[in-house]
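K.L.:
Whatever this is, show me its structure:
(one chain, ligands or ions: 1)
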Amino acid sequence: MFVKVCGLRTVESVDAAVDAGADAVGFVFAPGSVRLIEAAAAAPLVARVPERVETVGVFRRQPIDEVLRLARAAGVGTVQLHGDEPDDHFHRVTEAGFAVLRAVSATRYTEAGRDWPERLLIDATDPGSGVPFDPADLPVPPSAFWLLAGGLTPGNVAELAAAFGPSGVDVSSGVESAPGVKDPARIRAFVASARG
Ligand SMILES: O=C(O)c1ccccc1NCC(=O)[C@H](O)[C@H](O)COP(=O)(O)O
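P.N.:
Predicted coordinates for the structure are as follows:
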């Protein structure tokens, strides 16, 4: 079970995720997010992540040149686009040498078809809100690699992962003590539950 912990902003939370065995850590560069971190502040956090752990920059409805500039400045290896960006943006990210994650709501995935080539992250409509999507919105999960997101917690991740059968899981608010404030103990509990 691949585990991504998203919305990290401190050394303590990055170390907690890495030490707990997360496969990927995420940094949110989307304006307006309570988890927003400047690229310059993210760079030293990214630099302390061991190579075996994927570093992900999260973006939403931003100009592609800004996405690439911030991703390079932070030093992340993967770009996650979270706002129904045009295909051209995904091509530009790939051409620039980044790995890519396409984040879509469960509703959009089900309505729009299932032939996207990128690794998918299937989320609730309001990313980072801690609200799960309605299981009825994802009657047929992807067959290729995909991450389940939206309202996951240490208490529900095992059950929801068993129900949907994703390749991995992604969490943000479910491992926080307050909006934007990660709780190392909850990070450890989440990774353990996801793998349990
Ligand atoms: O987390 C945010 O604030 C955010 C804002 C804008 C775009 C994406 C955002 N988060 C992306 C993620 O990958 C979250 O981990 C994912 O939406 C799950 O969040 P949660 O329901 O809080 O676990």
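K.L.:
Of all residues in the protein, which one is closest to the ligand?
P.N.:
residue 128 (2.3 Å; C-beta to the nearest ligand atom). The C-beta positions use only the backbone N, C-alpha and C, and glycine is treated the same way.
K.L.:
Could you verify my assumption that that residue touches residue 28?
P.N.:
Yes: using C-beta atoms under 8 Å, residue 128 is in contact with residue 28, at 7.3 Å.
K.L.:
Quickly list what's touching both of these two.
P.N.:
Common contact partners of residue 128 and residue 28 (C-beta atoms under 8 Å, 6 or more residues apart in numbering): 6-7, 35.
K.L.:
what does the chain put close to the ligand?
P.N.:
Residues of the chain lying close to the ligand by C-beta under 6 Å from any ligand atom are 6-7, 26, 28, 30, 33-35, 58, 60, 82, 123, 127-130, 149-152, 170-174.
K.L.:
try 8 Å this time
P.N.:
Within the chain, the positions near the ligand by C-beta under 8 Å from any ligand atom are 4, 6-7, 26, 28, 30, 32-36, 56, 58-60, 80, 82-83, 103, 121, 123-124, 127-132, 149-152, 170-176, 180.
K.L.:
So the residue of the chain closest to the ligand, which state does it fall into?
P.N.:
Three-state assignment for residue 128 (DSSP: H, G, I helix; E, B strand; the rest coil): coil.
K.L.:
For it, which residues are in contact?
P.N.:
6-7, 28, 33-35, 172-173.
K.L.:
Just among these, which is most surrounded?
P.N.:
For the contacts of residue 128, counting by other C-beta atoms under 10 Å, the largest number of neighbours falls to residue 172: 29 neighbours.
K.L.:
Just the pLDDT for that residue.
P.N.:
We note a pLDDT of 97 for residue 172 in this prediction.
K.L.:
can you check residue 114 too?
P.N.:
pLDDT, residue 114: 63.
K.L.:
for residue 128, same thing?
P.N.:
85.
K.L.:
For residue 154, grab the count of nearby residues.
P.N.:
Neighbours of residue 154 using other C-beta under 10 Å come to 21.
K.L.:
three-state assignment of it?
P.N.:
coil.
K.L.:
Likewise for residue 57?
P.N.:
Relying on three-state DSSP, one would call residue 57 strand.
K.L.:
does it really touch residue 80, like I thought?
P.N.:
Yes: under the criterion of C-beta under 8 Å, residue 57 makes contact with residue 80 at 6.8 Å.
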